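K.L.:
Kindly return the folded structure for what I paste below:
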Amino acid sequence: MSVHFLGSYLLERGIVTQAQIDEAAAHQEKANRRLGDLAVDAGLLTPDQVEAVLATQRETDLNFGALAVAMGFVSRHAMDALLFRQHVHQVHLGEALLTLGHLTPEQFGESLDGYAHSENERRAALDKLFEGHCGRLSLRELVASLERAFLRFARCPLKAHRALEEADLARLPYRFTSELPGCGGILLRFCLHMDEQMVAAINKAATGRDTRPEGCDLGVGEMIGTIGHYLRKSFRAYSPRQWRCEYASDGEIVSPGDCLRLLLACPRTRVGLSIQVFPAPAGDPA
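P.N.:
Have a look, this model is predicted:
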């Protein structure tokens, strides 16, 4: 699938097996407790307060700890101490594989070095894709927001991987399109391309039920709405000077790199992202 997650990196190189990855993931899930659960155990929050924070979190880009403090449920000092405790006891996949004896200390060190090198290559390739695009700052924010939203709503880590190709689109038949206003009279239009597996995963995370994509896009719609909230906040910090697209007389974009297409990979499947920048219709607020 993609070597840009540690588990996939190790699998691609034959260092571990899928069964060992699954065992390590189960070990992680048991060891790494959610911040809300830790807060309840420590007597800092009640279960109802945790649910209130989680509900509010769907409307904001704040993480759980910052939001609990902002809502007045816990002091900053107490939350910082809890976050430190969570961080100290956090178990990562490589550590779980090492603890379970599926990696030797030498393999662990060499794998982390190799994985870090592959991540640097991925970032450099993405920099080239964004380079010269008139809306590169907001486009980067869109990708970052997608990564956060998929982790939150589909419980699936997602990373921008490479350019999206026609062959990829044929494997991603479900499409969800949205538009967002930017600075300086700009409209950002983006389309998510997904397969049935990803749509079902998002809907299950949102509804708690196994559903087929047809006629059930509650989770996807909710996620796109949250992405929009992220971006509307971030756009206000950008100067119109950073949007220097040129337009033909009929309104079509003629600036080089006007359309950006990315493939975003996660351990279970892939997601396509198509982005275009247009002048906002007359009368629309920027």
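K.L.:
For the rest of this, base every contact and every neighbour count on C-alpha atoms.
P.N.:
OK.
K.L.:
got the residue ranges for the helices in the chain?
P.N.:
6-12, 18-31, 35-41, 47-57, 64-70, 76-89, 93-99, 105-130, 136-153, 166-170, 196-207, 218-235 (DSSP state H).
K.L.:
could I get the ones you listed as TSV with mean neighbour count and mean pLDDT?
P.N.:
Shown next, in TSV, are the helices of the chain (neighbours: other Cα atoms under 10 Å; pLDDT from 0 to 100):
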stretch	mean neighbour count	mean pLDDT
helix 6-12	20	87
helix 18-31	16	89
helix 35-41	17	92
helix 47-57	15	89
helix 64-70	18	92
helix 76-89	13	90
helix 93-99	19	91
helix 105-130	14	88
helix 136-153	19	77
helix 166-170	12	87
helix 196-207	20	76
helix 218-235	19	66
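K.L.:
Just grab the bridge partners of residue 162 for me.
P.N.:
residue 263 (DSSP bridges).
K.L.:
My read is that it contacts residue 270, right?
P.N.:
No - counting by Cα atoms under 8 Å, residue 162 stays clear of residue 270, with 11.1 Å between them.
K.L.:
Show me which of those two is the more surrounded one.
P.N.:
residue 270 (23 against 17; other Cα atoms under 10 Å).
K.L.:
Could I get the pLDDT score of the nearest residue in space to the more buried one that is not next to it in sequence?
P.N.:
Among residues not flanking residue 270 along the chain, residue 264 sits closest, at 5.8 Å (Cα to Cα, 6 or more residues apart in numbering). What the model reports as pLDDT for residue 264 is 89.
K.L.:
What count of nearby residues applies to residue 264?
P.N.:
24.
K.L.:
cool, and residue 266?
P.N.:
23.
K.L.:
Pull the contacting residues for it.
P.N.:
Taking Cα atoms under 8 Å, 6 or more residues apart in numbering as the criterion, residue 266 is in contact with 2, 5, 156, 157, 158, 159.
K.L.:
What distance do you get for the last one to residue 192?
P.N.:
Relative to residue 192, residue 159 is positioned 14 Å away (Cα to Cα, to the nearest Å).
K.L.:
Could you do residue 174 as well?
P.N.:
According to Cα to Cα, residue 174 stands 8 Å off from residue 192.
K.L.:
No further questions, thank you.
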